[in-house]
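K.L.:
Here is a sequence together with a model predicted from it:
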Amino acid sequence: MEVGAVAAMRYIKDGIKAARLVMQYTEHTLLVGEQASAFAISMGLPGPTNLSSSESMEKWTKWKENHCQPNFWKDVVPVDSCGPYHAKDFLGSSHGTCSKTTLMENIKSRSSHVGRHNHDTISMAVFDKMGNIAVGTSTNGATFKIPGRVGDGPIAGSSAYADDEVGACGATGDGDIMMRFLPCYQVVESMRLGMEPNLAAKDAISRIARKFPDFVGAVFAINKKGVHAGACHGWTFQYSVRSPEMDNVKVLHRGALTKRLTSLKCSSPHSFCRE
């Protein structure tokens, strides 16, 4: 039950290392923003570092030229611009109130911004020879996110979760939706109750899909015996495995189930490290 995480941390390349430093050298769980960067540098990580690349700058420039579309704003004016934005006035109603019908329309009309060209999540689970489990998730976050946004990556139980007595889980996808369900905590707890990894993974994904049928995401599940599986919604999902007996990594499609392994990696859930 050791855990460490960082979020909204700029100028530090090795976010997952910073998360582990929080776990190892503090009694806190989550550090964020400028002070998370300062902490990482004080603990020996390189920085501050300019993390922009020519590719990312080109992508950002084209986005600005396209009036900052698409983005993650909703129910604001002006539309199709780079702001500043203001909340819409719904027929003179007070802000902060809405009907159940409006809420359901917002849920049904939500379109996912997650795709293979704007997603960079890495989630991994590793077993040692003693059966101890470590899991970690690292991501740059959603492309064109609103400044200050924190996704599911550093949220314990959402992007990753592990218990030596049960097993582990990692997640990737639309973190703003998935974090509401703590899918990896759900997976591990389902396995604790006797559910096989395949069913536990599918159950966690289906819980989200019932409420948000347009969401895009996936989880992998592995129990303490090494039985593993993956489940996804909205895309074709693959994950990779490797054990000491294997010469190379084996890539499996969603739902694949094998008998033994000691390392599991999911790539397409802010950084998160747990041991």
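P.N.:
Okay, I see it. All values reported here derive from a predicted model rather than from experimental measurement.
K.L.:
Quick check: Met191 touching Asn223?
P.N.:
Yes - when contacts are counted by CB atoms under 8 Å, Met191 is listed as touching Asn223 (5.2 Å). (Glycine included, C-beta is placed from N, CA and C.)
K.L.:
which neighbours do those two share?
P.N.:
Taking CB atoms under 8 Å, 6 or more residues apart in numbering as the criterion, Met191 and Asn223 both touch 166-167, 197.
K.L.:
more crowded one of Met191 and Asn223?
P.N.:
For Met191 versus Asn223, neighbours defined as other CB atoms under 10 Å are more numerous around Met191 (25 against 19).
K.L.:
which secondary structure element contains that one?
P.N.:
Met191 is part of helix 183-192, with elements assigned from DSSP states H and E.
K.L.:
Identify each buried residue in that helix, please.
P.N.:
The neighbour-count check on helix 183-192 (16 or more other CB atoms under 10 Å) flags 183-191 as buried.
K.L.:
again with stretch 30-46
P.N.:
So, applying 16+ other CB under 10 Å, buried residues of stretch 30-46: 30-32, 36-41, 45.
K.L.:
Closest one to Ile133 out of the buried residues of helix 183-192, please.
P.N.:
Val188 (10.0 Å; CB to CB).
K.L.:
returning to that earlier point: between the buried residues of helix 183-192, which sits nearest Asn50?
P.N.:
Among those, and counting by CB to CB, the member closest to Asn50 is Cys184, at 32.8 Å.
K.L.:
separation between the nearest residue in space to Ala200 that is not next to it in sequence and Phe212?
P.N.:
Excluding the flanking residues, the one nearest Ala200 by CB to CB, 6 or more residues apart in numbering is Ser190, at 3.9 Å. When distance is defined by CB to CB, to the nearest Å, Ser190 is 20 Å away from Phe212.
K.L.:
go on, Ile12?
P.N.:
In terms of CB to CB, Ile12 sits 32 Å off from Phe212.
K.L.:
now swap in Ala221 and tell me
P.N.:
Distance from Ala221 to Phe212, by CB to CB: 20 Å.
K.L.:
And these two? Which one has more around it.
P.N.:
Using other CB under 10 Å, the more surrounded residue of Ala221 and Phe212 is Ala221, with 34 against 22.
K.L.:
and that one, that's in a helix?
P.N.:
No - in this structure, Ala221 is strand, not part of a helix, as judged by DSSP: H, G, I helix; E, B strand; the rest coil.
K.L.:
and it, what is it in contact with?
P.N.:
167-169, 187-188, 191, 197-198, 200-201, 204, 228-231.
K.L.:
can you tell me which of those are in helices?
P.N.:
Of the contacts of Ala221, the ones assigned to helices by DSSP state H are 187-188, 191, 197-198, 200-201, 204.
K.L.:
For those, which two are the farthest from each other?
P.N.:
Taking CB to CB, no two of those sit farther apart than Val188 and Asn198, at 14.4 Å.
K.L.:
before we move on, back to that, just send the buried residues of stretch 30-46 back as a markdown table, with secondary structure too.
P.N.:
Below are these laid out as a markdown table (three-state DSSP):
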| residue | secondary structure |
| --- | --- |
| Leu30 | strand |
| Leu31 | strand |
| Val32 | strand |
| Ala36 | helix |
| Ser37 | helix |
| Ala38 | helix |
| Phe39 | helix |
| Ala40 | helix |
| Ile41 | helix |
| Leu45 | coil |
